[in-house]
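In: Sequence first, predicted model second:
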Amino acid sequence: MSLDLTRIPTPHIEAKKEDLADVVIMPGDPQRSKFIAEEYLSMPTLVNDIRGIQGYTGLYQGKRVTVMASGIGIPSISLYAYELYNFYDIDTIIRVGTAGSIDPRMRIGDLLFANKAYTDSDFMKHFRLPEGYVPHPDEALLNKAIDIALHRNVRFFNGSVLTEEIYYAQEDEDIIERWYNEGVGAFEMEAAALYANAEQAGKKALSMFTISNDIRTGEEMDPLERKSSLHEMVEVALLTAIS
């Protein structure tokens, strides 16, 4: 069975094609999508609210940007990334989220660009990608984001993440050590799926994270610090989107 890629709206996105910008900023939480739209975009318009997955299109420094949530985990972000890339012909998705660090050099509040996204999931076998493919972002997009972070004097890391299927599996010390020895700096739940969808569709993707907790020590970001730290990530993502 072949998909009708001209079918818009899709079962999960009610927007018209012209409602969406070429670049989508993608947090996981629908409430964070709403917050970013209201705080950073001028003239934001709600373009999707199916299943509460809020999407807004507005202007940032005079350029159109869409902010739309993905929900949590590999299946959810895969669904939205696939429809945006393949049905709506979106060029670029920039994921903004939080991650738990396993690298003692990373501090709470640091920014992390995921230059590789390993995974413990079997989802990759369903993609038509080269054998041994490790999900990674668009290199030019990553370099833009790094340049912007340097210019803004933001403390950041450019490193690998593990995209997990099971959130609480991270409590296993053997798993932590295994992936730390592979060069992984933090755990999260979406980047590998986003990168694989982008690669298969011939599109662009980048995932960036604010370190919200230290998995080894149990330290977590203070709620007041969270707001200011996420601000830097969102600004870098938006500037990358319009550059």
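Out: Done, it's in. Residues are numbered from 1 along each chain as shown.
In: helices and strands around the longest helix along the chain, which ones?
Out: Identified as the longest helix of the chain according to DSSP state H is helix 223-242. Identification of packing neighbours for helix 223-242 by 3 or more C-beta pairs under 8 Å, 6 or more residues apart in numbering; DSSP states H and E yields strand 23-26, helix 30-40, strand 55-60, strand 63-68, strand 92-101, strand 111-119, helix 139-151, strand 204-214. For the C-beta atoms, the positions are set from N, CA and C on the backbone; glycine is no exception.
In: Contacts for that helix next, please.
Out: 23, 25, 36, 40, 60-61, 63, 65, 92, 94, 96, 98, 108-109, 111, 141, 144-145, 148-149, 152, 154, 206, 208-210, 212, 221 (C-beta atoms under 8 Å, 6 or more residues apart in numbering).
In: out of these, which are buried?
Out: Neighbour counting by 16 or more other C-beta atoms under 10 Å classes 23, 25, 36, 40, 60, 65, 92, 94, 96, 98, 108-109, 111, 141, 144-145, 148-149, 154, 206, 208-210, 212, 221 among these as buried.
In: Nearest residue to the middle of the chain?
Out: Arg95 (1.9 Å; C-alpha atoms, centre = their mean).
In: quick one, what contacts that residue?
Out: Applying C-beta under 8 Å, 6+ apart, the residues near Arg95 are 26-27, 70, 77, 190-191, 194, 205-208.
In: What sits closest to it if chain neighbours are left out?
Out: In space, and not counting its chain neighbours, Arg95 is closest to Ser207: 4.1 Å by C-beta to C-beta, 6 or more residues apart in numbering.
In: Now for the one you found, how many residues are close by?
Out: Neighbour count for Ser207, taken as other C-beta atoms under 10 Å: 31.
In: wouldn't Lys34 be in contact with Gln54 here?
Out: Yes. In this structure, Lys34 is within contact of Gln54 by C-beta atoms under 8 Å, at 5.3 Å.
In: quick one, which of the two is more surrounded?
Out: More crowded of Lys34 and Gln54, by other C-beta under 10 Å: Gln54, with 22 against 19.
In: residues contacting the more buried one?
Out: Contacts of Gln54 (C-beta under 8 Å, 6+ apart): 30-31, 33-34, 37, 46, 48, 68-69.
In: between the residues you listed, which is closest to Leu84?
Out: Proximity of those to Leu84 (C-beta to C-beta) peaks at Met68, which lies at 7.7 Å.
In: Distance check, the nearest residue to the closest one once chain neighbours are set aside against Gly97.
Out: In this structure, Met68 finds its nearest non-sequential neighbour in Gly55, 3.4 Å apart by C-beta to C-beta, 6+ apart. Gly55 sits 16 Å away from Gly97, going by C-beta to C-beta, to the nearest Å.
In: One more: Ser78?
Out: Between Ser78 and Gly97 the computed distance is 15 Å (C-beta to C-beta).
In: for Asp122, same thing?
Out: According to C-beta to C-beta, Asp122 stands 22 Å off from Gly97.
In: And Pro27, by the same measure?
Out: 6 Å.
In: same thing with Lys34?
Out: As for Lys34, its distance to Gly97 is 16 Å (criterion: C-beta to C-beta).
In: cool, and Val184?
Out: Val184 is 16 Å from Gly97, by C-beta to C-beta.
In: Can I get stretch 159-166 in CSV, CA atoms only?
Out: Extracted as CSV, the C-alpha positions of stretch 159-166 are listed here (Å, rounded to 0.1, in the frame of the first residue of the first chain):
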residue,chain,number,x,y,z
GLY,A,159,28.5,15.7,21.6
SER,A,160,26.6,12.5,21.4
VAL,A,161,23.3,11.5,23.1
LEU,A,162,21.5,8.2,23.7
THR,A,163,17.9,8.2,22.5
GLU,A,164,16.1,5.9,25.0
GLU,A,165,12.9,4.0,24.6
ILE,A,166,12.3,3.5,28.3
